[in-house]
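Undergrad: Just the structure for this:
(chains A and B)
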Amino acid sequence: MLKSLAKKEEITRSREAAKALREDAKKRRLGPTNTMSLTSMSSDQTTPGIYLDNNATTMVAPEVVEAMLPYFSEQFGNASSMHQFGDRVGRAIKTARQQVQALLGAELDSEIVFTSCGTESDSTAILSALKAQPARREIITTVVEHPAVLSLCEHLEKDGYSVHRLEVDEQGRLDLAHYQSLLSDQVAIVSVMWANNETGTLFPVEQMAEMAREAGVMFHTDAVQAVGKLPIDLKTTAIDMLSLSGHKLHAPKGIGVLYLRRGTRFRPLLRGGHQERGRRAGTENSASIVALGKACELAQAHLETERTQVAALRDRLEQGILEVVPNSFVTGDPSNRLPNTSNIAFEFIEGEAILLLLNKLGIAASSGSACTSGSLEPSHVMRAMGIPFTAAHGTTRFSLSRYTTAEEIERVIEAVPPVVAQLRKLSPYWDQDRPATEGQGHQASFQPAYA
Amino acid sequence: MWDYSDTVKEHFFNPRNAGAVADSNAIGEVGSLSCGDALRLTLKVDPENETILDAGFQTFGCGSAIASSSALTEIIKGMTLDQALKVSNQDIADYLDGLPPEKMHCSVMGREALQSAVANYRGEVWSDDHEEGAMICKCFAVDEVLIEETIRANNLSSVEEVSNYTKAGGGCSACHEGIEEVLARVLASQGRSFQPSEPPAKAPERKRVAVGMPLMPTRAQTSVLAAEQAPAAVSPTATSTTPRQQTSAVSASATSSSKRPAAAAESSVVAAGQPDGIESKTAPRPKLSNLARIRRIEQTIESIRPNLQRDHGDVELIDVDGKNVFVKMVGACSGCQLASVTLEGIQERICEDLGELVRVLPEQAMAVAQRA
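TA: Next up, the predicted model:
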């Protein structure tokens, strides 16, 4: 009886929800489609927020929203169907596939496999390589990969695979001679990120892919941070597989791509229907695929903007902050990184506290601090580069987009120094205007008992 | 983003007693290796009566570390050193209207800084034996070290046992993989192997549950707990009982992990005295008058409240409308991610005591339910 009561309630609720959705959709069709606003992100409702966390996720471009909306309503067909409803969706997916192909510089549009996210693409690539080459029991990756790759590799180790994790120097660079020495016919796959999500540092994946090809080893790159920010031309590289994620380039969340070079031996992660030529079963997320296609087209048109305008704003931000704030420095390799990313370590204060104060001012950034990661571990990227923990905890990542304005950057340059000063006043490692270890005042250097 | 209470935010944005006390005579400096936070506490103590006249803090840490430090200094000002030493990390968290489970260690650091400062004042050396591992169970903030110690101390071999002793895994169950890994590692080091428990042949029968928010034992309590529970865990009756009786034993041991042994004994007697459980309860009974029915519901809820209050929560009867019993979750219960589990437990108890099926709903559901 309890169950039937609950069921009845559920049905009523879902009916009401459906009705609300229909009404909402009606309104939206009548009203303007562009309702994008950053105002709601700010804790202070009177000034719009400044979003400098584009490596976490990006705003869906208004043109992208517009392009995808019909695929929730009028164009609801299943691309696999024989009738006109399906056919129209099928054609839209084909166009999107070509738009992605163009941005990646892939030779064929059949090399583009739509997935649900970057993580799925990474898992598909690595597990496929292992499945297709059962005799090869080794994987090469790096210590600074995204958890999408690192956690999977850790898990595979439990299943008996050996994982070689390439280390990085203090600027986040790899030792290619060491890499060369690890390549062998025992290695099933090399998986190395194109650009680091925390520091923006680029790895020489094109060169590494050539080296892997020479050794007869498959090469995969997690390029979710690089696609749309750097020119990429896959047909001229030796990269076999590449992951991208829609929501990092102004498409919605829940859509990704695995680029799969023609002829690369492949075993699907999801088997079922014949979607994506049987390489990724499951009914296509047509609205998001259309959106990703549009986002790729826009990204390609703005590649030059990234290289010039976005990079210039990033440099201005960095210089503006470093000039004023003592004991702060850029992490990673400033001479070889994404145009939109700046990761600054503010010594002797902690990142979460910085973010909370910035958020109060309506500024959104991100941190490598332990306390922002959900675990208690400080960023594995900062640790890998050997950054001392009093600096690693204060690393703050500012990631821009083509929507970032010069005016916003000036406001951030003004806001950051007082925030840092305010927190340093609370810090036991800081004395007046300098680190406590150098202080001439009454405070001796701070040496806590560690638990 | 962390779900910080307004009090935590307020103390972070406007910290009290920030900075070093100028003429301090007690200094405590501690840090946490696991998260890298560090704290210096300076006190000005009246040598006449050991009263803390002033307290100041300097913290290298996150929002809740700063808020915990600020709260600590507010709490201890005016106390004697002995009084201050009685301040627990839970007191600090309570003062701040709670901390997210992952952030409880921030309040621990505050308490340790205080112990260190008092030791410094008294010319003693304070050393910390507190060790912290990776968080396994996020529902109840149980870390790897505690799970490992408890497995070793009590010879545990299943996830269910780990949940009964530490509460880890008793909530959403997402961490069972992690618990299995710790078990496998510890058992392997003892030359045993981890055997996952057989899936039950049929769905396990729901038994009377001890209604209460699960409570995480502090490290100090664990060893006591271990001593208390060890005999029960190895006693032949516990191993040779039927599945249903085992469930009773489980609910009894879960209750006995509280600080109220009397209640534990009571509940185990109740559970053991009714081996037929639900069947006997669902037998037809004379129909109660409305008034008697509501009184009985009230009684049942009253009997549950102490369990919840112990964990800084509470429940209040709002209304009874036919089969619907509306309650209000108060304090730590409100907004607790396990509130629905607690509601289910309350519902089972009321159903048993009334001998009829009712639904226990949060008061927010009143409008919806009445429309339906």
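Undergrad: helix/strand/coil for B:Ile52?
TA: The three-state assignment at B:Ile52 reads strand, by DSSP: H, G, I helix; E, B strand; the rest coil.
Undergrad: Who does it form a beta bridge with?
TA: For B:Ile52, the beta-bridge partners under DSSP bridges are B:Val45.
Undergrad: what number of residues lie near it?
TA: B:Ile52: 25 surrounding residues under other C-beta atoms under 10 Å in any protein chain shown. C-betas here are computed from N, CA, C, even on glycine.
Undergrad: Run through the residues that contact it.
TA: The neighbourhood of B:Ile52, defined by C-beta atoms under 8 Å, 6 or more residues apart in numbering or on different chains, consists of B:Leu43, B:Lys44, B:Val45, B:Asp46, B:Ile76, B:Lys77, B:Gly78, B:Met79, B:Thr80, B:Leu81, B:Ala84.
Undergrad: Is there a neighbour count for the fourth one? I'd like the number.
TA: Summarising burial for B:Asp46: neighbours were counted as other C-beta under 10 Å, giving 13.
Undergrad: Find the closest residue to chain B in the stretch 151-300 of chain A.
TA: When distances are taken as C-beta to the nearest C-beta, the stretch 151-300 of chain A reaches nearest to chain B at A:Lys158, 8.5 Å away.
Undergrad: And the residue of the stretch 201-350 of chain B closest to chain A?
TA: Nearest residue of the stretch 201-350 of chain B to chain A (C-beta to the nearest C-beta) works out as B:Lys323 at 6.9 Å.
Undergrad: Am I right that that residue is in contact with B:Leu354?
TA: No. B:Lys323 is beyond contact range of B:Leu354, at 10.4 Å (criterion: C-beta atoms under 8 Å).
Undergrad: between the two, who's got more neighbours?
TA: Set side by side, B:Lys323 and B:Leu354 give different neighbour counts by other C-beta under 10 Å, the larger being at B:Leu354 (18 against 13).
Undergrad: so where is the stretch 151-300 of chain B shaky, pLDDT-wise?
TA: Per-residue confidence of the stretch 151-300 of chain B (counting by pLDDT under 70) places the weak regions at B:198-286.
Undergrad: Check what pLDDT A:Tyr403 gets.
TA: Here the pLDDT value assigned to A:Tyr403 is 97.
Undergrad: Ramachandran coordinates for it?
TA: Dihedral pair for A:Tyr403: phi -90, psi -10, per degrees, to the nearest 10.
Undergrad: residues near it, how many?
TA: Burial of A:Tyr403 is recorded as 15 neighbouring residues (other C-beta under 10 Å).
Undergrad: what sits against it?
TA: Counting by C-beta under 8 Å, 6+ apart, A:Tyr403 makes contact with A:Tyr51, A:Met59.
Undergrad: what's the pLDDT at B:Glu29?
TA: According to the prediction, B:Glu29 has pLDDT 91.
Undergrad: Other residues contacting stretch A:262-274?
TA: A:80, A:107-108, A:110-111, A:120, A:123-124, A:127-129, A:131-133, A:218, A:240-241, A:260, A:278-283.
Undergrad: which of those residues are buried?
TA: Neighbour counting by 16 or more other C-beta atoms under 10 Å in any protein chain shown classes A:111, A:120, A:123-124, A:127-129, A:133, A:218, A:240-241, A:260, A:279-280 among the contacts of stretch A:262-274 as buried.
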